[in-house]
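Colleague: A structural model of the following input is requested.
(2 chains)
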Amino acid sequence: MNKFEEELKKGNFITSECHKCDKIVWPPSDYCDNCFGNVNWRKISGDGEIIEWSKKGSDVFCIAEFEKTIRIMGKLNTKNTDAKIGQHIQLSECSFNQGCRFIFT
Amino acid sequence: MKKVAVVGYGNTKFSTDDIPIESLLLESTKEVFNTTNNLSQDLIDGVIVSTNDNSKYLGAILSELSGIKPKISHTVEHLCSSGTAAAVSAFSYIASGLADIILVAGADKSDNPGQVLDWDRSRGEFTRPIYWASMFTKAHKRKFNTTEEELAVVSAKNHKQALDNPHAYSHKAYTIPEIMNSKSITDDLRMLDCSYSCSGSSSILLASEDMAKKFTDSPIWISGIGQKTNSASFTKNDLTGLDTTKSAADIAYNMAKITANEIDVAEIHDAFSICELMAVEDLGLTKKTTGAEFVRNLFNTENRQINPRGGLIGAGHPLGATGISQIIEITQQLQNKAEKRQISNASKGLVHNMSAAATSSTVLILES
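Modeller: All right, here's what the predicted structure looks like:
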């Protein structure tokens, strides 16, 4: 298990970033994809927005973007039957058990 | 750089049968030997296997089972476009002079592990291809007002065209209402919008210009190759355009010194209906925003220019075999040997094969 997965298992959504290049390194990696220097790890802001969405049965799933860079797919817990592009969401739950799981509200 | 031609081929039937990977590879290889004049094992310099199967050392295994002792032997894996990636490797060996004759054999089983990319954590729990296809479809509907009926036309056309492909998984035609009313997978995807992962194998024999005429009077030349990889993570993609396909097509047209409007026949990677509508535009076969109209016109006029063998939706999708099966179809079309599927007077053809939601694409140009 890598650092990202270890933290996700504890419920922490983290990213790698490179201070030298002043950039988020995403998807998470041990080295910067620009300078190959060591990365730092930090928590990602849970404030995101919906880029695209669809539904399977009554479940809304979507691509959400965080910090204008990090995009992940997750399930949207909503009382509404649909969602909107650009809708603000919060990452409310994340976990790792063989695979990743992200829940938004 | 030496010229390289397709000079022989063999396909198995695409099915959902549980057949060992070695048996699949051997069956299409046997077909190459059965149908190619003057071919003997000692002439083959290389055996390249294309597959997503977890078995190891398949290049050597297939060589032994076929009585070949090649100089070059290995496996190529690149998810859904493994087949064309393997063909490009073989091309490069021959073009560089390292080899003269190479067998490229592709195969996968219907339960192959290439359908899910575990590494891509950005997909969360939505790992299967139906989820990225739903995102593509929803985004396309929103941006271009694409309708469910326009998507259904792709599936109706490709299922209909597969009726004349003896190796296709599907041999059933569907009406547009039947497709629109087929089982809902997600809000944006119906069962009949999806290609089906199959067991199957396809093999081709590539040869240098010096050797090609030994095997056939009508070698089909690979005149253009374009490949592009932008990422492995799906979520980095633009959702309404196939950027890697555009780049790969530009490179391939440039190498072949032709333009898109010279293409007579094309095999397009229609993993889902939406992919064909996007690809015909991004390959330049029709103008941006006219994909749906272009495909509907082909369907209404029974013009088989796009996906004459039925595409992935009609023929089935044995991942490692798909790109090679596409090459075989274009070869047969340009040799005027495609029987009921034949496009008249075809001299230039295109193969479009892509992986993991178009995070990478390969485009090949073939000419008679």
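
Colleague: tell me the mean pLDDT for the strand or helix carrying B:A87?
Modeller: Secondary structure assignment for B:A87, by DSSP states H and E: helix B:82-96. What helix B:82-96 shows for mean pLDDT is 98.

Colleague: ok, then the element right after it?
Modeller: Past helix B:82-96, further along toward the C-terminus, the next helix or strand under DSSP H and E is strand B:101-108.

Colleague: mean confidence for that following strand?
Modeller: When the per-residue pLDDT values of strand B:101-108 are averaged, the result is 98.

Colleague: tell me the helices and strands packed up against the helix or strand just after that strand.
Modeller: Secondary structure here is assigned by DSSP H and E; on that basis, the next helix or strand after strand B:101-108 toward the C-terminus is helix B:129-144. Applying 3 or more Cβ pairs under 8 Å, 6 or more residues apart in numbering or on different chains; DSSP states H and E, we find helix B:129-144 packed against strand A:47-56, strand A:59-66, strand B:184-186, strand B:189-190, helix B:273-282. (Glycine included, C-beta is placed from N, CA and C.)

Colleague: what lines up beside the first one in the sheet?
Modeller: Strand pairing for strand A:47-56, using DSSP bridges, gives strand A:59-66 (antiparallel), strand A:88-97 (antiparallel).

Colleague: let's see that strand as CSV, backbone CA atoms only.
Modeller: Extracted in CSV, the C-alpha atoms of strand A:47-56 (Å, rounded to 0.1, in the frame of the first residue of the first chain):
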residue,chain,number,x,y,z
ASP,A,47,-14.6,21.7,-0.9
GLY,A,48,-15.2,20.7,-4.5
GLU,A,49,-17.5,21.2,-7.4
ILE,A,50,-19.2,18.8,-9.8
ILE,A,51,-17.7,18.5,-13.3
GLU,A,52,-20.1,15.9,-14.6
TRP,A,53,-22.6,13.4,-13.2
SER,A,54,-25.0,10.6,-14.1
LYS,A,55,-27.1,8.1,-12.2
LYS,A,56,-27.2,4.3,-11.8
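
Colleague: go ahead and flag the most central residue of the chain.
Modeller: Here I'm looking at chain A. For chain A, the residue sitting closest to the mean C-alpha position, by Cα atoms, centre = their mean, is A:I72 at 4.6 Å.

Colleague: my question was about chain B, not that one.
Modeller: Nearest to the mean C-alpha position of chain B, by Cα atoms, centre = their mean, lies B:G323 at 3.0 Å.

Colleague: out of everything not next to it in sequence, what's closest to that residue?
Modeller: Take B:G323 and drop its neighbours on the chain: the residue closest to it by Cβ to Cβ, 6 or more residues apart in numbering or on different chains is B:G83, 2.6 Å away.

Colleague: likewise B:L79?
Modeller: Closest to B:L79 by Cβ to Cβ, 6+ apart is B:S355, at 4.0 Å.

Colleague: try B:N336
Modeller: For B:N336, ignoring the flanking residues on the chain, the nearest one in space by Cβ to Cβ, 6+ apart is B:Q342 at 6.5 Å.

Colleague: tell me how many other residues crowd the one you found.
Modeller: Counted with other Cβ atoms under 10 Å in any protein chain shown, residues neighbouring B:Q342 total 17.

Colleague: pLDDT value on it, please?
Modeller: Per-residue confidence for B:Q342 comes out at a pLDDT of 98.

Colleague: just checking, it touches B:Q333?
Modeller: Yes. B:Q342 is within contact range of B:Q333, at 6.7 Å (criterion: Cβ atoms under 8 Å).

Colleague: I appreciate the help and will end here.
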